[in-house]
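> I would like the atomic coordinates for the input below:
(chains A and B)
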Amino acid sequence: MPLPARWSQKIEASDPADEIMELQMGPSHPASHGTIKFNLKLDGERIADCDVEVGYLHRGFEKMCEQGTWTQCFPYTDRLNYASPCINNVGFALAVEKLLGLEVRSARNICA
Amino acid sequence: MFIDKLKEKFGADMVETGSALGEDSIVIARDKAPEIFRTLHDDGEFAFEFLIDVTAVDWLERRPRFEVVYQLKSMSRNLRLRVKIRVGAGEDAWVPSAYPVWKSADWLERECFDMFGIQFRGHPDLRRILLYDTFVGHPLRKDYPFQKRQAIVPEIDPITKPLRPTK
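The predicted structure follows:
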């Protein structure tokens, strides 16, 4: 597999007696919060370059959303970021309301 | 109105303007895009400091086939704008990169290239970002089959090419 253009650029160590160490950190590393891989180039303890691979959790939600109705998209928006599922639900719900031209009464008004 | 200011500024370089549901969008000519991006960013009247997203729409039946969509935000002037560029299929599926104007275009354009196969000319490092290098095709195109499966990595013969060299 050919190396990416920027990643393949040669980096010199600050001390001519040393050399750059390449370290692959991840994709499952206890220090990282999720699944992500860092291809590091280390000059001693200093990070000289870092190429990030972010695709490990890519599931193609957009393509799946194309197949369903708008209600079926809610579980996907739930899972976009497990730390904040509700804000993604709200964002999607507001977009649907806007596109359909709906005026939704708040829960407070319905209960009263 | 802010969209009138745009019309005044860019005139015939804008193919189309529209405001729907309280959101403004413009369609611009591809060859004028670098100058328009620069003006939208630098001109104090607009001051779009933030490129939120770059994506594309595959219209499949329409000619030209693709629309590349840029979502812009001006935090200092509290404005939002959607900019579109229409491009064709095949060799014609390219736009100039917005990277010289907005650095966030780096990963956003890589994603758009990965998913739609749009070429961003002048991008410093245009390669796939989410999918792997050996993946064939661009999955968010409408003619990419929904159920299609691909091998995650090419098959390696463990006899002739061991995964881990033996000591």
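> secondary structure class for the residue in chain B that chain A sits nearest to?
Across chain B, the shortest distance to chain A (C-beta to the nearest C-beta) belongs to B:Leu130, at 3.7 Å. The C-beta positions use only the backbone N, C-alpha and C, and glycine is treated the same way. Assigned state for B:Leu130: coil (three-state reduction, DSSP: H, G, I helix; E, B strand; the rest coil).
> tally up the residues packed near it, please.
Burial of B:Leu130, expressed as a neighbour count using other C-beta atoms under 10 Å in any protein chain shown, amounts to 19.
> does it touch A:Val54 like I think?
Yes: with contact taken as C-beta atoms under 8 Å, B:Leu130 and A:Val54 are classed as touching, separated by 6.7 Å.
> separation between the residue of chain B closest to chain A and A:Phe38?
Noted for B:Leu130: a distance of 16 Å to A:Phe38, by C-beta to C-beta, to the nearest Å.
> would you agree B:Ala105 is in contact with B:Tyr99?
Yes: using C-beta under 8 Å, B:Ala105 makes contact with B:Tyr99 at a distance of 4.5 Å.
> between those two, what contacts are shared?
When contacts are counted by C-beta atoms under 8 Å, 6 or more residues apart in numbering or on different chains, B:Ala105 and B:Tyr99 are jointly contacted by B:Phe120, B:His123.
> which of the residues in the helix or strand of chain B with the lowest mean pLDDT are buried?
Considering only helices and strands, the least confidently modelled element of chain B by mean pLDDT, DSSP states H and E is helix B:2-10, at a mean of 84. Applying a neighbour-count criterion of 16 or more other C-beta atoms under 10 Å in any protein chain shown, the buried positions in helix B:2-10 are B:Leu6, B:Phe10.
> now the element after it, going C-ward?
Past helix B:2-10, further along toward the C-terminus, the next helix or strand under DSSP states H and E is strand B:14-20.
> contacts for that following strand, please.
Residues contacting strand B:14-20 (C-beta under 8 Å, 6+ apart): B:Ile3, B:Leu6, B:Lys7, B:Asp24, B:Ser25, B:Ile26, B:Val27, B:Ile28, B:Ala29, B:Arg86.
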